[in-house]
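[1] Return a 3D structure for these sequence lines:
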Amino acid sequence: MSVPGTTAPPAIDPKMRRRALVSSVLGSCIEWYDFYVYGVAAAIILNTQFFPSVTPFTGILLSFSTYAIGFAARPIGGFIFAHFGDRLGRKKMLMITLGLMGGGTFLIGCLPNFAAIGIAAPILLVLLRIVQGIGVGGEWGGAALMATEYAPAERRGFFGSWPQIGVPVGTLLANGAFFVMAGTFDPEAFAAWGWRIPFLFSVVLVALSFYIRSKVDESPAFEEIKRKGDIEKLPVVKVIQTKPVTILKVIMMRFAENANYYIYTTFLLAYAPAILLGNNTVLLATMIMAGLGVFSIPLWGWVSDRWGRRYTVLAGALTMMLMAFPFFWAVQTGEFLMVLLVLILTCNVGRDLCYSVEPAYFTELFEPKLRYSGASVGPQVAAVFAGGFAPLIATALIGPDFDRYWLVALYMVFTSLITVVGVLWAPETAPRVRMRRGLTPEYDATATR
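    Numbers count the residues shown, from 1 in each chain. Next up is the predicted model:
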């Protein structure tokens, strides 16, 4: 059933709609597995493999620096694939981004360490991390569009939330892979070659996703743009020129969930040993939290279709702000159940309230011919300044003795405030909510900028 007052979309085969949703979810899961397997490795093993000649604390900083480089490369991927995604189609770009992510991950698993090839090892590691970053930078916007452009307008929040479960599933798989490897091999075998297996396993997942994505038709919205000959020559340039304020709002709205999530998951693995909390305890709690995210993200996406996008994001940002200090207090108890509880409250409630809404919210803010660009530029710029540097900033703030947790908590409050301001500044776009307020059901991004 469509929302009254909206333009009826062309009929979509329900089978193709389901196939597009499945391919977006599966591809997203694999892309994020590839990205997060590096994050887990950066926290627990890459410092000794590629930066062995420095102190452990400096090694962690250097390891997290290579982690951040992947985020710094994401806007490059976002710009490149957004340009061609708005000109050539969503599907083609998603096939390429999948290959970049999978290839980069597999090659990291094959990469000789510092002991074998010296300084060339960290240099090659950085280059492969850049390849990963470019791939995931182009993936997010395309996957969001394939899900939302196939969705009924009044259920766009729910449909758009499904590719977002790629993050908890990717986190679950990445943490699970290292949990199994660390539990299966003795420390010497794990350090020698066991850590490589999660990276090498990526090639199997990528092959499966390639097959499924090949069976999906191009987005109906893009086909309509192509039919009308309304393709923009330089879409990324155009969206930056005409919608800079909207892009800024998107960056701000993504800040809290992106920064805090990488503190909850990646930085926590480096912090755990300093407070005598075992890495396997953190990995197991993170895996349970990630498994719950498979359910919480679609739930909050469904809620956003009824509450509205703004209230959903606002509720999430305020939750993360209020939980910043309790997060550390709970972790410092060293109790598994306390760690799990605080991860559920911060991630499955706070973070997922924000994250579930993003595909629908961000795509609804831009007209179809600029949508890949608009939905890619803002989120990927936010990923650099929020998520990419969060573990590095948190490590620098907490200090070599890991005793200044309150500075990290204040940083988390600050990132949440940025999102609160951004969402209060942004318009509501959910068709049902706008209709209840007597506004046009479809937000026309071109009418108010």
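[2] list the contacts for the residue minimising distance to the centre of the chain?
    Against the mean C-alpha coordinate of the chain, by CA atoms, centre = their mean, the closest residue is V167 at 5.8 Å. By CB atoms under 8 Å, 6 or more residues apart in numbering, the contact set of V167 is 28, 32, 36, 261, 293, 355. For the C-beta atoms, the positions are set from N, CA and C on the backbone; glycine is no exception.
[3] Go again with 10 Å.
    V167 makes contact with 28-29, 31-33, 35-36, 140, 257, 261, 265, 290, 293, 297, 347, 351-352, 355 under the criterion CB atoms under 10 Å, 6 or more residues apart in numbering.
[4] pLDDT averaged over stretch 386-396, what's the number?
    Mean per-residue pLDDT for stretch 386-396: 86.
[5] that older thread, can you mark which positions in the helix or strand that contains the residue nearest to the centre of the chain are buried?
    Element membership for V167, per DSSP states H and E: helix 166-184. Neighbour-count burial for helix 166-184 flags 166-179, 181-182 (criterion: 16 or more other CB atoms under 10 Å).
[6] The helix or strand just after that helix: how far from the chain's middle?
    Scanning forward in sequence from helix 166-184 by DSSP H and E, the next helix or strand is helix 187-192. Mean C-alpha position of helix 187-192 versus that of the full chain (CA atoms, centre = their mean, to the nearest Å) differs by 30 Å.
[7] any residues touching helix 187-192, and which ones?
    By CB under 10 Å, 6+ apart, the list of residues contacting helix 187-192 reads 44-45, 48-49, 113, 178, 181-186, 194-197.
[8] try it again with 6 Å
    The contact list for helix 187-192 (CB atoms under 6 Å, 6 or more residues apart in numbering) reads A182.
[9] Max pairwise distance over the buried residues of helix 166-184: which two?
    G166 and A182 (23.8 Å; CB to CB).
[10] pLDDT of the helix holding V167, averaged?
    85.
[11] going forward can the numbers begin at 598, since that is how I track them
    All set: I'll call the first residue 598, so the last point we hit is now helix 763-781.
[12] Distance from it to the middle of the chain?
    16 Å.
[13] Stretch 794-803 now?
    The answer for stretch 794-803 is 19 Å, by CA atoms, centre = their mean.
[14] in the stretch 848-997 of the chain, which spans are helices?
    For the stretch 848-997 of the chain, the helices defined by DSSP state H, counting those that start in this stretch occupy 865-868, 876-904, 906-919, 921-928, 933-940, 949-952, 955-961, 968-979, 987-995.
[15] Turn those helices into TSV, columns for distance to R1033 and mean neighbour count.
    Output for the helices of the stretch 848-997 of the chain, formatted as TSV (distance: least, CB to CB, whole Å; neighbours: other CB atoms under 10 Å):
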stretch	distance to R1033	mean neighbour count
helix 865-868	41	24
helix 876-904	10	21
helix 906-919	13	23
helix 921-928	34	19
helix 933-940	35	18
helix 949-952	21	29
helix 955-961	16	28
helix 968-979	25	29
helix 987-995	37	22
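[16] I'd like to know which of those lies nearest to L1004.
    Per CB to CB, nearest to L1004 of these: helix 987-995, 4.1 Å.
[17] Can you name every helix or strand that the following helix or strand past that closest one contacts?
    As assigned by DSSP H and E, the chain's next helix or strand after helix 987-995 is helix 1002-1022. Judged by 3 or more CB pairs under 6 Å, 6 or more residues apart in numbering; DSSP states H and E, helix 1002-1022 is in contact with helix 841-859, helix 906-919, helix 921-928, helix 987-995.
[18] Phi first, then psi, for F782.
    phi -100, psi 150 (degrees, to the nearest 10).
[19] Please report the distance of it from G715.
    26 Å (CB to CB, to the nearest Å).
[20] In terms of neighbours, single out the busier of the two.
    Neighbour tally, F782 and G715, criterion other CB atoms under 10 Å: the higher count belongs to F782, 16 against 11.
[21] hmm, back to that, may I have the helix holding V764 as PDB, with CA atoms only?
    The C-alpha trace of helix 763-781 is given here as PDB (Å, rounded to 0.1, in the frame of the first residue of the first chain):
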ATOM      1  CA  GLY A 763      26.100  -5.900   7.600                       C
ATOM      2  CA  VAL A 764      27.900  -4.100  10.400                       C
ATOM      3  CA  PRO A 765      26.800  -6.400  13.300                       C
ATOM      4  CA  VAL A 766      27.100  -9.500  11.100                       C
ATOM      5  CA  GLY A 767      30.500  -8.400   9.900                       C
ATOM      6  CA  THR A 768      31.500  -7.600  13.500                       C
ATOM      7  CA  LEU A 769      30.100 -11.000  14.600                       C
ATOM      8  CA  LEU A 770      32.000 -12.900  11.900                       C
ATOM      9  CA  ALA A 771      35.200 -10.900  12.400                       C
ATOM     10  CA  ASN A 772      35.200 -11.300  16.200                       C
ATOM     11  CA  GLY A 773      34.000 -14.900  15.900                       C
ATOM     12  CA  ALA A 774      36.800 -15.700  13.500                       C
ATOM     13  CA  PHE A 775      39.500 -14.400  15.800                       C
ATOM     14  CA  PHE A 776      37.700 -15.900  18.900                       C
ATOM     15  CA  VAL A 777      37.900 -19.400  17.200                       C
ATOM     16  CA  MET A 778      41.500 -18.900  16.000                       C
ATOM     17  CA  ALA A 779      42.800 -17.700  19.400                       C
ATOM     18  CA  GLY A 780      41.000 -20.500  21.100                       C
ATOM     19  CA  THR A 781      42.200 -23.200  18.600                       C
END
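[22] what's the angle from that helix to helix 876-904?
    Per axes from the mean of the first three to the mean of the last three CA atoms, to 10 degrees, the angle that helix 763-781 makes with helix 876-904 is 170 degrees.
[23] Name the helix or strand for Y664, please.
    helix 653-669.
[24] which ones are touching R1029?
    Taking CB under 6 Å, 6+ apart, one finds E751 in contact with R1029.
[25] What separation do you get for it and R968?
    21 Å.
[26] One more: W629?
    22 Å.
[27] Also L881?
    From L881 over to R968 (counting by CB to CB), the distance is 39 Å.
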